[in-house]
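1. Dropping the sequence and predicted coords here.
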Amino acid sequence: QLSLPPLTVDIAVNDNTDYIAHLRDKLDYVVTFRNNSAIDLRNMTLAVKLDGSMFDYGTVQSAGFFDGRTNTITWPTSAIAGLANVRPGQAVTVPFSVVLKQNFGSGGLGAKDSYIKASVRLETPDVPSDIKLDRLVATTDLITRISAAPTLEQRLATNDSTFGSTGPFPPKVDQTTLLTIQWIALNPSNDLTPAKVSTVLAPGVTWLNKTRVSGSQPQPMYNAKANTVTWDLGTLPGGTGSIWPTANAFFQVSITPSVNQIDKDAVLLIGPKLEGTDVITKEQIVRALRDLTTNSVQNGGLTRVQR
């Protein structure tokens, strides 16, 4: 039978060792150490080193001392009562917290942005007589993955430089107006695959089969049976919109408002969303937007249906 080391230490974040972190998360860490020996262990010192560009180091909270030069929290024996004397079989917990940054860095994407690490070192000069060491040391570390943070923007134009414009705006009852919708996908961190943007055309909105995209992305596709528009992106690379250009899709629709829409913003898209799987965390990501209406037009002014 294998015997336990005389001193062991573990660390968890938000009650989990496999937690997937997100931007702006508050990370509540707990270090737990246990005396597995038959004697009291005294004069413990504990240190945790934080590694990662996504930590907001100014938010570190603990009962120890945080050294911003080394990004290390140190708890001397006097910092916590449990460090002074740990009885045989006793476990002691030490909490601390830190918040993740609100955004990924704009200077380029690297693996450093997808992970954070907390490394723990616990030591004591008290050594059981049967162990030929000057001090007992226990170490462990915890690597936490950070989920992708893609965003989807949508814009509405009444006069597109490529597709042109036809009809009145604000829209008028029984008159047809052509409108161009733009989707803009950004993804500053981990690759998202398979990634797609989809929506349902609102009742009374007509697909005109005019599309274009930036770069080599596939064109948005219309499903007449389901009345849906889908933009299959395949892989939305990390760095899209930061080190790479944004992904853009344009498509044109028309509306011919009815009398019961007077003084209302006409709904164009229902439930637009970007979805995909983070290739690093394996998390399914969904970014849902509000329904797109004529109120979303870029040039401002009146947007509601007129007589």
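-> Here it is on my side, so go on.

2. Tell me the secondary structure at Glu275.
-> What DSSP: H, G, I helix; E, B strand; the rest coil gives for Glu275 is strand.

3. Find the residue closest to it in space, skipping its chain neighbours.
-> Excluding the flanking residues, the one nearest Glu275 by C-beta to C-beta, 6 or more residues apart in numbering is Val286, at 4.6 Å. C-beta coordinates here come from the backbone N, C-alpha and C atoms, glycine included.

4. Pretty sure that neighbour sits against Gly271.
-> No - assessed by C-beta atoms under 8 Å, Val286 is found out of contact with Gly271, at 10.8 Å.

5. Between these two, point out the one with more neighbours.
-> Shown here are Val286 and Gly271; by other C-beta atoms under 10 Å, Gly271 has more neighbours (14 against 9).

6. Run a quick check on the more buried one versus Val200, I expect a contact.
-> Yes - applying C-beta under 8 Å as the test, Gly271 and Val200 come out as touching, 5.8 Å apart.

7. Common neighbours of the two, please.
-> Overlap of the contact sets of Gly271 and Val200 (by C-beta atoms under 8 Å, 6 or more residues apart in numbering) is empty.

8. Ramachandran angles for the residue positioned nearest the centre of the chain?
-> The structure's the chain has its C-alpha centroid closest to Ala149; by C-alpha atoms, centre = their mean the separation is 3.6 Å. Backbone geometry at Ala149, expressed as degrees, to the nearest 10, gives phi -130, psi 60.

9. Setting the sequence-adjacent residues aside, check what's closest to it.
-> Leu23 is the one closest to Ala149 (C-beta to C-beta, 6+ apart), at 5.2 Å.

10. And for Thr176?
-> Residue nearest to Thr176 in three dimensions, not counting chain neighbours: Thr256, with 4.6 Å by C-beta to C-beta, 6+ apart.

11. One more: Ile143?
-> What sits nearest to Ile143 in space, not counting adjacent residues and going by C-beta to C-beta, 6+ apart, is Lys117, at 5.0 Å.

12. For that neighbour, name its beta-bridge partners.
-> Beta-bridge pairing of Lys117 under DSSP bridges involves Asp51, Ile143.

13. Neighbours of it, how many?
-> Using other C-beta under 10 Å, Lys117 is surrounded by 14 other residues.

14. didn't it look like it was pressed against Arg145?
-> No - here Lys117 does not reach Arg145: they are 10.6 Å apart, not a contact under C-beta under 8 Å.

15. if I look at the residue nearest to Thr176, how far off is Ser296?
-> Noted for Thr256: a distance of 19 Å to Ser296, by C-beta to C-beta, to the nearest Å.
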